[in-house]
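> Provided below for reference: sequence and predicted model.
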Amino acid sequence: MFRIAALVTAVVILAGASPSPAAAEDKTITVFAAASMKNALDEIDAAYTAKTGVKFSVSYAASSVLARQIEQGAPADIFVSADIDWMDYAIARKTINESTRVNLLGNSIVLIAPKDSKVDNVTIAQGFDLAKLAGDGRIATGDVKSVPVGKYAKAALEKLGAWQAAEPKFAMAESVRGALTLVARGEAVLGIVYATDAKVEPGVKIVGTFPADSHPAIIYPVAATTTAKGESSDYLAFLRSTAAKTILEKYGFKFLISPTT
């Protein structure tokens, strides 16, 4: 009798000590996000983890790189693009759940210089001579063929009549944060980045802002992938919330929708 009781007790203890597989598994959402989202999204994700316990694995890079990685089968749940084109690209390749797409954020592009530069208060308008302003130095931005900030920069400079003379002076970075770093280190005398990037880098200063009508509207769409885990829908809802809006606007993003809560 004693042996049977002891055996039953042991089984109960073991059962209590072994959580179910579902309980043992940490919930993690994998986010692929445009490099310019890093500071704001890190804070949003920390707030969401504190609220829900869900953890994050986040890859920040140029939207072009991320869209192609998702196309090649990278295991992402959420895609945040810095332009409409790369979200459309992903949707066309059936890697995004189009019904979850929201054009969430807006931004602007600015001209920056190292913080100790003598360049200041540049008026950016038709006839703006960027090449002359750069002198013998380099101008940093994202790759104008694929990286959203570079595409916006080229479009603006073409419209303002400044692209042809300035093109040879450009140093193309693999992402907007790469361009930001080049200017902060003094390796480029000027750079074109998002206003939100300039705001978080103490090594640079904004010397001019590009007119909004000089380039296509800067829009950040967000969506779940076709392979997204179930908990991704709650996270997307959080990105549309008042709490997320407060954080995003603190970093300088424009919230393009009415918050849901």
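That came through fine.

> make it CA atoms for all contacts and neighbour counts henceforth
OK.

> Would you check how far apart residue 81 and residue 163 are?
Note on residue 81: its distance to residue 163, by C-alpha to C-alpha, to the nearest Å, is 25 Å.

> Between those two, point out the one with more neighbours.
Higher neighbour count among residue 81 and residue 163: residue 81, with 31 against 20, using other C-alpha atoms under 10 Å.

> tell me the contacts of that one?
Residue 81 sits next to 33-34, 63, 87, 220-222 when contact means C-alpha atoms under 8 Å, 6 or more residues apart in numbering.

> And it, how close does it get to residue 151?
Remark: distance between residue 81 and residue 151 (C-alpha to C-alpha) = 13 Å.

> excluding its backbone neighbours, what's nearest residue 62?
Among residues not flanking residue 62 along the chain, residue 175 sits closest, at 4.9 Å (C-alpha to C-alpha, 6 or more residues apart in numbering).

> Next, that neighbour: phi, psi?
Per-residue torsions, residue 175: phi -160, psi 170 (degrees, to the nearest 10).

> That one: how many residues sit nearby?
Residue 175 has 26 nearby residues by other C-alpha under 10 Å.

> Who are the contact partners of it?
With contact set as C-alpha under 8 Å, 6+ apart, residue 175 has these partners: 35, 61-62, 141-143, 147, 149.

> Dump those to TSV, plus neighbour count and secondary structure.
Formatted as TSV, the contacts of residue 175 follow (neighbours: other C-alpha atoms under 10 Å; DSSP: H, G, I helix; E, B strand; the rest coil):
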residue	neighbour count	secondary structure
35	23	helix
61	23	strand
62	28	coil
141	34	strand
142	29	strand
143	22	coil
147	25	coil
149	27	helix
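
> Nearest to residue 201 among the residues you listed?
Of all those, residue 201 sits closest to residue 35, with 13.5 Å by C-alpha to C-alpha.

> What residues does residue 184 make contact with?
Going by C-alpha under 8 Å, 6+ apart, residue 184 touches 113-115, 201-204.

> returning to that earlier point: closest one to residue 109 out of the contacts of residue 81, please.
Nearest member of these to residue 109, counting by C-alpha to C-alpha, is residue 220, at 13.4 Å.

> related to what we said a few turns ago, select from the contacts of residue 81 every entry located in helices.
63, 87 (DSSP state H).

> Just send the contacts of residue 81 back as a markdown table, with pLDDT and neighbour count too.
Output for the contacts of residue 81, formatted as a markdown table (pLDDT from 0 to 100; neighbours: other C-alpha atoms under 10 Å):
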| residue | pLDDT | neighbour count |
| --- | --- | --- |
| 33 | 98 | 25 |
| 34 | 98 | 28 |
| 63 | 97 | 28 |
| 87 | 98 | 26 |
| 220 | 98 | 25 |
| 221 | 98 | 21 |
| 222 | 98 | 26 |
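
> Which of the contacts of residue 81 sits closest to residue 125?
Distance to residue 125 across the contacts of residue 81 (C-alpha to C-alpha) is lowest for residue 220, with 25.0 Å.

> and which of the contacts of residue 175 is nearest residue 258?
Proximity of the contacts of residue 175 to residue 258 (C-alpha to C-alpha) peaks at residue 35, which lies at 24.4 Å.

> could you pull out the helices for this structure?
Using DSSP H, the helices found in the chain span residues 2-17, 21-24, 38-52, 63-71, 84-92, 130-134, 148-160, 163-166, 176-184, 195-200, 232-239, 242-250.

> Done for today, thanks.
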